[in-house]
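1. Have a look; sequence and predicted model below, questions after that.
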Amino acid sequence: MYKIKITVMRKARYDDLIEKYENPIEHPCDIEEGQVFICDGWRKPDGFCESAWETVSPFVMTLAHGGEDFYDGWMKNKKSAMISCNDGFRPVSFLIEVCE
(Lines give C-alpha, C1' and ligand atoms only; values in the text may rest on other atoms or scores of the structure.)
Protein backbone atom coordinates (compact mmCIF):
# COMPACT_ATOMS: atom_id res chain seq x y z
CA MET A 1 0.00 0.00 0.00
CA TYR A 2 1.30 3.44 -0.93
CA LYS A 3 1.60 6.52 1.25
CA ILE A 4 -0.44 9.43 -0.05
CA LYS A 5 0.43 13.13 0.10
CA ILE A 6 -2.40 15.66 0.36
CA THR A 7 -1.43 19.29 -0.28
CA VAL A 8 -3.80 22.18 0.38
CA MET A 9 -3.66 24.11 -2.89
CA ARG A 10 -6.33 26.78 -2.50
CA LYS A 11 -8.97 28.06 -0.11
CA ALA A 12 -11.93 30.06 -1.36
CA ARG A 13 -14.49 32.02 0.64
CA TYR A 14 -17.86 33.20 -0.62
CA ASP A 15 -18.85 35.97 1.76
CA ASP A 16 -22.05 36.77 -0.12
CA LEU A 17 -23.30 33.20 0.30
CA ILE A 18 -22.16 33.09 3.93
CA GLU A 19 -24.03 36.31 4.71
CA LYS A 20 -27.18 35.18 2.97
CA TYR A 21 -27.43 31.51 4.00
CA GLU A 22 -25.07 30.39 6.75
CA ASN A 23 -25.62 30.57 10.48
CA PRO A 24 -22.59 32.07 12.25
CA ILE A 25 -19.78 29.59 12.86
CA GLU A 26 -17.07 30.57 15.30
CA HIS A 27 -14.39 28.20 14.01
CA PRO A 28 -15.14 26.92 10.48
CA CYS A 29 -11.78 25.76 9.06
CA ASP A 30 -8.19 25.43 10.33
CA ILE A 31 -6.60 24.21 7.12
CA GLU A 32 -4.06 26.57 5.50
CA GLU A 33 -2.86 26.84 1.90
CA GLY A 34 0.41 24.97 1.45
CA GLN A 35 -0.26 22.64 4.37
CA VAL A 36 0.74 19.02 3.67
CA PHE A 37 -0.74 15.84 5.12
CA ILE A 38 0.71 12.37 4.67
CA CYS A 39 -1.65 9.40 4.76
CA ASP A 40 -0.36 6.03 5.83
CA GLY A 41 -2.30 4.09 3.24
CA TRP A 42 -5.95 5.14 3.32
CA ARG A 43 -6.06 6.30 6.98
CA LYS A 44 -7.13 9.89 7.72
CA PRO A 45 -4.10 11.92 8.83
CA ASP A 46 -4.15 13.68 12.18
CA GLY A 47 -5.54 17.20 11.99
CA PHE A 48 -7.35 16.67 8.70
CA CYS A 49 -10.92 17.99 8.51
CA GLU A 50 -13.48 15.20 8.95
CA SER A 51 -15.86 16.70 6.41
CA ALA A 52 -13.11 17.13 3.80
CA TRP A 53 -11.96 13.57 4.49
CA GLU A 54 -15.39 12.25 3.53
CA THR A 55 -14.92 13.87 0.12
CA VAL A 56 -11.27 12.97 -0.58
CA SER A 57 -11.06 9.54 1.06
CA PRO A 58 -12.35 7.52 -1.95
CA PHE A 59 -9.55 9.00 -4.06
CA VAL A 60 -6.96 8.45 -1.31
CA MET A 61 -8.08 4.82 -0.94
CA THR A 62 -7.89 4.19 -4.68
CA LEU A 63 -4.42 5.70 -5.02
CA ALA A 64 -3.15 3.98 -1.86
CA HIS A 65 -4.16 0.64 -3.34
CA GLY A 66 -2.43 1.28 -6.68
CA GLY A 67 -5.33 2.71 -8.67
CA GLU A 68 -4.69 5.56 -11.10
CA ASP A 69 -5.93 7.52 -14.11
CA PHE A 70 -9.22 8.83 -12.74
CA TYR A 71 -11.74 9.71 -15.45
CA ASP A 72 -9.54 8.51 -18.34
CA GLY A 73 -6.79 11.11 -18.51
CA TRP A 74 -8.20 13.87 -16.31
CA MET A 75 -4.88 14.57 -14.54
CA LYS A 76 -1.45 15.00 -16.14
CA ASN A 77 -0.05 12.81 -13.36
CA LYS A 78 -2.13 9.62 -13.50
CA LYS A 79 -1.33 8.92 -9.84
CA SER A 80 -2.99 12.10 -8.57
CA ALA A 81 -6.32 13.90 -8.21
CA MET A 82 -7.43 17.49 -7.52
CA ILE A 83 -10.44 17.35 -5.20
CA SER A 84 -12.33 20.08 -3.32
CA CYS A 85 -14.09 19.62 -0.02
CA ASN A 86 -17.87 19.83 0.07
CA ASP A 87 -18.15 23.15 1.93
CA GLY A 88 -20.10 25.39 -0.43
CA PHE A 89 -19.23 28.52 1.57
CA ARG A 90 -15.46 28.06 1.86
CA PRO A 91 -14.25 25.19 -0.36
CA VAL A 92 -10.68 23.95 -0.11
CA SER A 93 -8.90 22.36 -3.08
CA PHE A 94 -6.53 19.46 -2.36
CA LEU A 95 -3.89 17.88 -4.59
CA ILE A 96 -3.78 14.18 -3.74
CA GLU A 97 -0.78 12.22 -5.01
CA VAL A 98 1.10 8.99 -4.44
CA CYS A 99 4.41 9.26 -2.57
CA GLU A 100 6.93 7.19 -4.49
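-> Sure thing, it's come through.
2. What's the separation between the residue lying closest to M1 once chain neighbours are set aside and A52?
-> Of all residues not flanking M1 in the chain, G41 sits nearest, at 4.2 Å (Cβ to Cβ, 6 or more residues apart in numbering). For the C-beta atoms, the positions are set from N, CA and C on the backbone; glycine is no exception. Relative to A52, G41 is positioned 18 Å away (criterion: Cβ to Cβ, to the nearest Å).
3. about what we covered before: how many other residues sit next to the residue nearest to M1?
-> Residues near G41, counting by other Cβ atoms under 10 Å, number 13.
4. again with F48
-> 21.
5. Quick check: the gap between it and V60.
-> 10 Å.
6. who touches both of these two?
-> I6 (Cβ atoms under 8 Å, 6 or more residues apart in numbering).
7. what's the longest helix in the protein?
-> Using DSSP state H, we find that the single longest helix of the chain is helix 50-64.
8. Could I get the full set of helices for the protein?
-> 15-21, 50-64.
9. Show me what the first one is in contact with.
-> If you take Cβ under 8 Å, 6+ apart as the criterion, helix 15-21 is touched by 88-90.
10. Pull out the buried residues from these.
-> By neighbour count, with 16 or more other Cβ atoms under 10 Å, those hold 89-90 as buried.
11. and I38, how many neighbours does it have?
-> By the criterion of other Cβ under 10 Å, I38 has 11 neighbours.
12. right, and it touches I4 too?
-> Yes - look at I38 against I4 with Cβ atoms under 8 Å: they come within range, at 7.3 Å.
13. list the residues that contact both of those two?
-> C99.
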